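A.B. asks: Just a sequence and a predicted model for now, questions to come.
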Amino acid sequence: RFQSTAGPWASGGAPDFAFAFDIDGVLLHESKPIPGASDVLRYLEHHKIPFILLTNGGGKREQDRVEDLSRKLGVPLTTDNFVQSHTPFRQLVDGPEGLRDKTVMVTGSDYGKCREIARSYGFPNVVTPSDILSDQPSIFPFRPISELNLNPHPLPTPAYTGESSLVPLASSLKIDAMFVFDDPRDWAVDTQIIMDLLLSHSGHLGTYSTLNNDPSLLNCGWQQDGQPTLYFSNGDMLWAANYHLPRFGQGAFQASLAGVWRRYTGGHELMRKVIGKPETETYAFAERVLNAYRHERLRETGAHGVSGLRAVYMVGDNPDSDIAGANGFRSEVGTEWVSVLVKTGVWSEKRQGMGMLKGVKEPKVILADVKAAVKWACGKHG
Ligand code: G3P
Ligand code: MG
């Protein structure tokens, strides 16, 4: 059982500190709970110490993922204290990007699930690479793509099939933004279609923008209005799965796509928008979710006049995302975010390589695992 010093909060006082837990490499290795993870979450629940789950994982709707996590960890979790990589994309539907009445293409590990996620955020017109492949089989001459992804829906309008240099008919399919929600499986077809769209005339599939013939204008053809058109939900090169060495994540696909763009355009950098940890906006979003969750839990217990959080302990396994993000984040409400690196994931003393602990990636403390991290933090508020 997980035992720790029962601090002032044990007598019903409202704790003024909280936790943000990374998932892969801290709580789970894929579907397997890391020893101590379930005990720790139960302990925090019992002592009403608030926490959120803050993961660069994704690929399922929030409700489906928390049900999955509750089952795996044996702890009841809700979407109220859960932020996954693409959760902040919900804000884009009615934000200045004005995507509510636009058409978006989504990709990731399971095209069908990515469509469900986008629809749950409020995107009305969602297209997947499988829909395009079904409408235009010759767009990608190689086969097969994963069985899982052969579930096409009809396109909202036909893709353009005329002369590639002509300005397309207004009625042809126009994609206004593309989202990578989680780790794609079909890199080849995703790369082909994303490149087709980046090189197209304003997102009209099947066209080729003549702007691309002038290197000085390159990379602004479709993005000439400056709005980022390609969104990645995180930039993780590595993550901790069951294998004893870290595995490539969505950041590896992003690097591959940027390499294809650089080669095609003669050295231009691919313009894209990347969210997730370590991005500041993701931590600001997570802090707002955590404070709303804590406020609601305190309201339920009748506590009032409670001070804000003094500290949030960000417990992570990846210096490039969890540690760098916590160290680089300046709280909007004066809370100190304390980075705690554990040895159960991407980083290990033996494998210094990725996540070299320098500067922004240097954690406040390095501890064995999530249980040691919670003991250490609670001991500071005992
Ligand atoms: O795809 C999962 C990976 O990017 C890392 O997830 O939970 O360690 O932020 P997490
Ligand atoms: Mg992790």
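C.D. replies: Received, thanks. Residues are numbered from 1 along each chain as shown. Ligands and ions are numbered 1, 2, ... in the order given.
A.B. asks: Next up, phi/psi of the most centrally placed residue in the chain, please.
C.D. replies: Of all residues in the chain, the one closest to the mean position by C-alpha atoms, centre = their mean is S85, 1.8 Å from it. Phi and psi for S85, reported as degrees, to the nearest 10, are phi -50, psi -50.
A.B. asks: how about it, what does it touch?
C.D. replies: For S85, the contact set (C-beta atoms under 8 Å, 6 or more residues apart in numbering) comprises 55-58, 181-182, 233-234, 250, 275-276. C-beta: built from backbone N, CA, C; applies to glycine.
A.B. asks: Which one of those residues sits in the busiest neighbourhood?
C.D. replies: N56 (31 neighbours; other C-beta atoms under 10 Å).
A.B. asks: and that one, that one's in a helix?
C.D. replies: No. Assignment of N56 by DSSP: H, G, I helix; E, B strand; the rest coil gives coil, placing it outside any helix.
A.B. asks: follow-up on the earlier one: the closest residue in space to the residue nearest to the centre of the chain that isn't next to it in sequence: what's it in contact with?
C.D. replies: Nearest non-adjacent residue to S85, counting by C-beta to C-beta, 6 or more residues apart in numbering: S233, 3.8 Å away. S233 sits next to 56, 58, 85-86, 89, 179-182, 250, 275-276 when contact means C-beta under 8 Å, 6+ apart.
A.B. asks: Serialize those residues to CSV and add fields for secondary structure, distance to ligand 1 and pLDDT.
C.D. replies: Shown next, in CSV, are those (DSSP: H, G, I helix; E, B strand; the rest coil; distance: C-beta to the nearest ligand atom, whole Å; pLDDT from 0 to 100):
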residue, secondary structure, distance to ligand 1, pLDDT
N56, coil, 3, 98
G58, coil, 7, 97
S85, coil, 7, 97
H86, coil, 11, 98
F89, helix, 15, 96
F179, strand, 15, 97
V180, strand, 11, 98
F181, coil, 10, 98
D182, coil, 6, 97
Q250, helix, 6, 98
I275, coil, 12, 97
G276, coil, 8, 98
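A.B. asks: of these, closest to N151?
C.D. replies: Of all the contacts of S233, F181 has the smallest distance to N151: 15.7 Å, by C-beta to C-beta.
A.B. asks: so that closest one touches G58, yeah?
C.D. replies: Yes. Under the criterion of C-beta atoms under 8 Å, F181 makes contact with G58 at 5.3 Å.
A.B. asks: Figure out how far the helix ranked longest in the chain is from the centre of its chain.
C.D. replies: Of all the segments assigned as helix in the chain under DSSP state H, the longest by residue count is helix 280-300. In terms of C-alpha atoms, centre = their mean, to the nearest Å, the centre of helix 280-300 is found 18 Å from the chain centre.
A.B. asks: for ligand 1, what are the nearby residues on the stretch 251-382 of the chain?
C.D. replies: With C-beta under 6 Å from any ligand atom as the criterion, the stretch 251-382 of the chain meets ligand 1 at residues N318.
A.B. asks: Which single residue in the stretch 251-382 of the chain comes nearest to ligand 2?
C.D. replies: D317 (4.3 Å; C-beta to the ion).
A.B. asks: residue contacts, that residue?
C.D. replies: 22, 24-26, 240, 341-347.
A.B. asks: got any ranges where the stretch 101-250 of the chain has weak pLDDT?
C.D. replies: Residue ranges of the stretch 101-250 of the chain with pLDDT under 70: 164-166, 214-228.
A.B. asks: can you give me the strands for it?
C.D. replies: 103-107, 125-127, 177-180, 230-232, 238-239, 247-248 (DSSP state E, counting those that start in this stretch).
A.B. asks: Ligand 2 is nearest to which of the ones you listed?
C.D. replies: Of all these, strand 238-239 sits nearest to ligand 2, with 5.8 Å by C-beta to the ion.
A.B. asks: Is ligand 2 within reach of that closest one?
C.D. replies: No. For strand 238-239, no contact with ligand 2 is found by C-beta under 5 Å from the ion; the gap never falls below 5.8 Å.
A.B. asks: Give me the sheet partners of that strand and which way each runs.
C.D. replies: Strand 238-239 pairs in its sheet with strand 247-248 (antiparallel), by DSSP bridges.
A.B. asks: what comes into contact with the partner strand?
C.D. replies: 237-241.
A.B. asks: out of the residues you listed, who's near ligand 1?
C.D. replies: W239.
A.B. asks: you'd agree E332 is in a strand?
C.D. replies: No. E332: not assigned to a strand; according to three-state DSSP it is coil.
A.B. asks: Next up, phi/psi of it, please.
C.D. replies: E332 adopts backbone torsions of phi -80, psi -10, taken as degrees, to the nearest 10.
A.B. asks: That one: how many residues sit nearby?
C.D. replies: Count around E332 with other C-beta under 10 Å applied: 11.
A.B. asks: residues in contact with it?
C.D. replies: So E332 contacts 284, 287-288 (C-beta under 8 Å, 6+ apart).
A.B. asks: Among those, name the buried ones.
C.D. replies: E287 (16 or more other C-beta atoms under 10 Å).
A.B. asks: And the contacts of E332, which is closest to I34?
C.D. replies: For the contacts of E332, the nearest to I34 is E287 (24.9 Å; C-beta to C-beta).
A.B. asks: Please verify my assumption that the closest one contacts R330.
C.D. replies: No. E287 lies out of contact with R330 (C-beta under 8 Å); the separation is 10.3 Å.
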